[in-house]
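Participant: return a 3D structure for these sequence lines:
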Amino acid sequence: MMRKLNVFGNPYIGVFCRANESLACVPPSMDDELKHAVAEVLDADLVEMTIDNSILIGSFIAMNSRCAVVAGMTAESEVKELAKKMKVIRLPHRLNAAGNNVLANDHGALLNPGLDQRSADLIAREMDVTVVRGSIAGTMTVGSAGVVTNKGMLCHPRATEDERARLSKLFGVPVQIATANYGTALVGACMAANSKGCVVGSTSTPIEMGRIEDGLYL
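Facilitator: Below you'll find the predicted structure:
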């Protein structure tokens, strides 16, 4: 299932929301109708939360089915509900906007190359995935340059064939290039997705929607 939405009047949904196969994390101040739409499209239970009092959930959290990685400054009270449902760890590095710097599914995780070995080892162990540090099309904030589920991956349109092959091996899924929100290359900032659905910014064109649907195998 797919649906075009705005969050707080903004089409960059991936900045505000993050999902795995069973949960969708959203800001508590988001409109109730939009919360229900996200839950329905992704077939996921909602977790309402902030991170360091910020509504930019998608920028500050990375998830797979086993573990959520959150920014180091996240308060215990902010992840209390999420921690009831899955393991939560804090990123022990100055590049702690986990949603921007970690891209993960249940098979692998790509990390901003600026993250240290301690962070890489922690993510590999707690997410139980193969970890690689690298960029996508020269973009080190890999969480904004791609979106990956357990069925498919979309990435920055300037990613080379060799990059896409490496990403496919890491994540165990086919990789396609795409844009969203009328030509935005940072597709991870434009949507929240899992293997069951995708909510994407309202300015995405019909051609972009088709490529997203095909690339995520929805």
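
Participant: going forward, measure contacts and count neighbours with C-alpha atoms only.
Facilitator: Will do.

Participant: show me where the protein has its helices.
Facilitator: 13-16, 32-42, 57-60, 80-85, 98-101, 117-127, 142-145, 161-171, 206-215 (DSSP state H).

Participant: is there a neighbour count for G146? I'd like the number.
Facilitator: Neighbourhood size, G146 [other Cα atoms under 10 Å]: 30.

Participant: which residues touch the residue nearest to it when sequence neighbours are not counted?
Facilitator: Leaving aside its sequence neighbours, G146 sits nearest to C155 (Cα to Cα, 6 or more residues apart in numbering; 4.2 Å). By Cα atoms under 8 Å, 6 or more residues apart in numbering, the contact set of C155 is 136, 145-147, 175-179, 185-188.

Participant: show me what C155 bridges to in the sheet.
Facilitator: Under DSSP bridges, the beta-bridge partners of C155 are G146, I177.

Participant: so it versus G201, what's the distance?
Facilitator: Look at C155 and G201: by Cα to Cα, to the nearest Å, they are 16 Å apart.

Participant: and what of V41?
Facilitator: Taken as Cα to Cα, the span from V41 to G201 is 14 Å.

Participant: which one's more surrounded, the two?
Facilitator: Counted by other Cα under 10 Å, V41 and G201 do not tie: G201 has more neighbours, with 26 against 17.

Participant: just the pLDDT at the residue nearest to G146, thanks.
Facilitator: C155 is assigned a predicted lDDT (pLDDT) of 96.

Participant: neighbour-wise, which of the contacts of C155 leads?
Facilitator: Most surrounded of the contacts of C155: other Cα under 10 Å gives G188, at 32 neighbours.

Participant: so who does that one touch?
Facilitator: Applying Cα under 8 Å, 6+ apart to G188 gives the contacts G14, G143, S144, A145, G146, V147, C155.

Participant: again, only this time at 10 Å
Facilitator: 12-15, 58-59, 99-100, 103, 141-148, 154-156, 179-180, 200 (Cα atoms under 10 Å, 6 or more residues apart in numbering).

Participant: which of those residues count as buried?
Facilitator: 12-15, 58-59, 99-100, 103, 141-148, 154-156, 179-180, 200 (16 or more other Cα atoms under 10 Å).

Participant: bridged to G201, which residues?
Facilitator: Per DSSP bridges, the residues bridged to G201 are L5.

Participant: of all the helices of the chain, which one is nearest L110?
Facilitator: Across the helices of the chain, L110 has its closest neighbour in helix 142-145 (7.1 Å, Cα to Cα).

Participant: so how far is the closest one off the chain centroid?
Facilitator: Its chain's C-alpha centre and that of helix 142-145 lie 8 Å apart, by Cα atoms, centre = their mean, to the nearest Å.
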